[in-house]
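Chemist: no sequence on hand, only this structure:
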């Protein structure tokens, strides 16, 4: 009898310990984010964890490819897109919570070359020089920064002459890597990646890509079990601390965004 009571007590204590462990298991937030956000969000994520104790796991990639994954049920809590049109489409399809749709920044594109590269382009028309044998841009089929690059090249009147020299990266971070490793002479990449690189870069006028202004939007993915924490992270990105980091990487903050004229 005593043995049975001890066994029951032991099982009860084990069950309580297990329940407590489950209850105290730290929340882990999974964020799908456009790859132009990589350096800024690594910094923001570390600060958010330091302040809240909540771990943030980032999945960086092409906005278009991440949107497809979310459509197919990928277990993300939040989606940070490089162009608001992808969030708006997901909202139409009922995949994200429309009440959480928030513009968090606007991006810019640059002409980027390695520091040891003797070629120093100042504008897109300079790329017509045959010395630029290969030019990297993000794939415009699914990457907003690639779409902006294509439009800028078209409006500069050089797309047709340069399209056979183009090398496509799967996302904007990979595009910079292609150039940084010397596989192309020049690349069109995100300002946010350019400012933290060791290369040289020149801003491309925003007026050259008005149809793809890189107004960036985020939203909470429907069905997440961490909706409250997801909103907390979004608020942190748009807080003074978050804005300070975003500005450091060249992003235009929400209150400073000006819709382009066409």
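Modeler: Now that the structure is in, tell me what you want to look at. Keep in mind the model is a prediction, meaning the values are calculated, not measured.

Chemist: in the sheet, who's paired with the most centrally placed residue in the chain?
Modeler: In the chain, the centroid-proximal residue (CA atoms, centre = their mean) is residue 34; its distance is 2.0 Å. Assessed by DSSP bridges, residue 34 has beta-bridge partners residue 61.

Chemist: and residue 188, by the same measure?
Modeler: For residue 188, the beta-bridge partners are residue 111 (DSSP bridges).

Chemist: who's in contact with it?
Modeler: By CB atoms under 8 Å, 6 or more residues apart in numbering, the residues touching residue 188 are 109-112, 135-137, 145, 149, 152-153, 175, 204. Placement of C-beta: from N, CA and C, glycine included.

Chemist: tell me how far the closest residue to residue 210 other than its chain neighbours lies from residue 81.
Modeler: Nearest residue to residue 210, sequence neighbours excluded (CB to CB, 6 or more residues apart in numbering): residue 260, at 3.8 Å. Here residue 260 is placed at a distance of 18 Å from residue 81 (CB to CB, to the nearest Å).

Chemist: compare these two (neighbour count), which wins?
Modeler: residue 81 (28 against 16; other CB atoms under 10 Å).

Chemist: run a quick neighbour tally on residue 165.
Modeler: 17.

Chemist: and the closest residue to it other than its chain neighbours, its phi and psi?
Modeler: Nearest residue to residue 165, sequence neighbours excluded (CB to CB, 6+ apart): residue 135, at 5.2 Å. With angles defined as degrees, to the nearest 10, residue 135 sits at phi -130, psi 120.

Chemist: what's the burial count for residue 135?
Modeler: Residue 135 has 23 nearby residues by other CB under 10 Å.

Chemist: cool, the one 10 residues further on as well?
Modeler: Counted with other CB under 10 Å, the neighbours of residue 145 add up to 35.

Chemist: what helix or strand is it on?
Modeler: Assigned by DSSP states H and E, residue 145 belongs to helix 144-155.

Chemist: distance of the residue nearest to residue 165 relative to residue 56?
Modeler: Going from residue 135 to residue 56 by CB to CB gives 35 Å.

Chemist: same question for residue 254.
Modeler: Distance from residue 254 to residue 56, by CB to CB: 21 Å.

Chemist: okay, the two: which has more neighbours?
Modeler: residue 56 (24 against 17).

Chemist: assign residue 32 to helix, strand or coil.
Modeler: Secondary structure state of residue 32, per DSSP: H, G, I helix; E, B strand; the rest coil, is strand.
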